[in-house]
Structures are given as structure tokens and as C-alpha cells.
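Colleague: sequence and predicted model, in that order:
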Amino acid sequence: MDKKLRKIWIIGGIYLFVFSLIYLIGVLFFLELLKFIGFMFIACTFIPLPADTYLLYSTKYFSPLFLGVVGGLINALAVLCEKFFIKLVLKAKKFENLVVFFNESSFTKLFQKNLFLSLVISAFSFIPFEPFRLIAITKNYNNAKYFLATFIGRGFRYFLLALLGKELLKYDWIGVAITASLIIFFYGAYKSYIKNKKKKHL
């Protein structure tokens, strides 16, 4: 393994270790804030963890305003860390052909003209956020604008989800909602895996 790849694995490993440790400390000492911070910093990157489901669970302990503001801040910081990490991967000349293809695609050319609004809308809605994050990373989008767009979009999304969670708590429906969202999440992940597997065999 060359030095650049080793550096990437070390930095990525440190990031995962630090926030996994924060989460585990929260679990061991029943500190919900640490659990929330640790989990969300990992789930708000490309690592497939159900952040929305965990946020619904967290409405037992935190107010909608807190979850909107703090959740939005964590997500915005996490995507900046993710941008730094992926830029290292790109500098190591990994996935260079994919980046060239992505940058020249009509999708990228269409949305990069108003990327801030695209990031806000995709961060807030159920439109996949990842393609717009990739545009921001490959086009080296301004960090302050990237942070702000993610914070606004995700913060508002988490605030509304937390309001829904509070209402579900009143009627003892939170367990059902969490179970349903997990089923949807894992089903979507499975379908995506099968789809990618079929593409590789074509």
C-alpha cells in the first residue's frame, strides 16, 4: 500500500474511531448527548446508517429546536470532513475516470449553476443528497456555502422530523415509526446492493 493510501486509511480510521468512541461512552454512561453526537457524525457521511431514524428516537430526550440546530450543525461539519477525506482519495488518483465522467455529465452541468439551492433542497427533502454532495466535492465548492446550505437544509428537515417524533410520542406511535423507517432503510439498502451487483455482471 502506497503512502497516500495509507494516509487516507489512517485519517478515515481516526475519524471513525473518535466518533464511535464518543458514541460508546454515551452508551456506557447513559449520556444521550454523546450518543447523538457520535452516531450523527458517522451517519452524516457516506457511511450508510439511518440518521433520520435515530433522530426520531432522540425526540425522547431533546426538543425539536435542539435537534434541528445541533443535528444540522453536526451534518454540516460531517460533510466538510467527508469532503476533505474524499479530496484526499481524488488526489491519490483513485476513481479519476469516474470523476471525469461525473464532471462532464449533463446532471453536473445542470445543477452546478445553482448548487447552493440544489444542496438546500436535496438536504431538506427526500431527493438523494449524495449526488449534489459529489458535485460540491469534485468542483471544490466553497466550504462556507457548502456548510451553510447543508445546515439550512438538514436543520429544517431534522426540526420537522423532531416535531413529528414529538407528536408520535404523545400517542405511543414512536416505536412503530422507528420500526417502519428501519424496514424502509434496510429494504432500500438491499435493493441498491442488488442493483449494483447486477450492473457489475453486465
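Modeller: Happy to help now that I have it.

Colleague: any idea which helix or strand in this structure has the lowest mean pLDDT?
Modeller: The weakest-scoring helix or strand in the chain, judged by mean pLDDT, DSSP states H and E, is helix 96-104 (a mean of 61).

Colleague: low-confidence ranges, the protein, go.
Modeller: Applying pLDDT under 70 to the chain flags residues 1, 92-111, 173-174, 185-202.

Colleague: can I get stretch 175-187 in CSV, CA atoms only?
Modeller: Extracted as CSV, the C-alpha positions of stretch 175-187 are listed here (Å, rounded to 0.1, in the frame of the first residue of the first chain):
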residue,chain,number,x,y,z
GLY,A,175,-41.8,2.6,18.3
VAL,A,176,-43.9,1.8,15.2
ALA,A,177,-42.5,4.8,13.3
ILE,A,178,-38.9,3.8,14.1
THR,A,179,-39.5,0.2,13.1
ALA,A,180,-41.2,1.2,9.9
SER,A,181,-38.3,3.6,9.0
LEU,A,182,-35.7,1.0,9.7
ILE,A,183,-37.5,-1.5,7.5
ILE,A,184,-37.7,1.1,4.7
PHE,A,185,-34.0,2.0,5.2
PHE,A,186,-32.7,-1.6,5.1
TYR,A,187,-35.0,-2.5,2.2
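
Colleague: got a list of contacts for it?
Modeller: P50, D52, T53, L56, Y57, L164, G165, L168 (C-beta atoms under 8 Å, 6 or more residues apart in numbering). C-betas here are computed from N, CA, C, even on glycine.

Colleague: so how far is R133 from the most centrally placed residue in the chain?
Modeller: Centroid-nearest residue in the chain, with C-alpha atoms, centre = their mean: C44, separated by 2.6 Å. Here the criterion is C-beta to C-beta, to the nearest Å. By it, C44 lies 10 Å from R133.

Colleague: common neighbours of the two, please.
Modeller: The overlap between the contact sets of C44 and R133 (C-beta under 8 Å, 6+ apart) consists of V79.

Colleague: before we move on, back to that, closest one of the contacts of stretch 175-187 to G26?
Modeller: Among these, Y57 lies closest to G26 (C-beta to C-beta), at 12.9 Å.

Colleague: now that closest one: closest residue in space, sequence neighbours ignored.
Modeller: Spatial nearest neighbour of Y57, chain neighbours left out: I178 (5.8 Å); criterion: C-beta to C-beta, 6 or more residues apart in numbering.

Colleague: how about K145?
Modeller: F116 (5.5 Å).

Colleague: swap in L88?
Modeller: L88 sits nearest to I8 (C-beta to C-beta, 6+ apart), 5.1 Å away.

Colleague: correct me, but that neighbour touches K91?
Modeller: No. The pair I8 and K91 fails to qualify as a contact (C-beta atoms under 8 Å) at a distance of 9.1 Å.

Colleague: the two: who's more crowded?
Modeller: I8 (19 against 11; other C-beta atoms under 10 Å).

Colleague: my read: F39 touches L49, true?
Modeller: Yes. Contact criterion C-beta under 8 Å: F39 and L49 qualify, at 7.1 Å.
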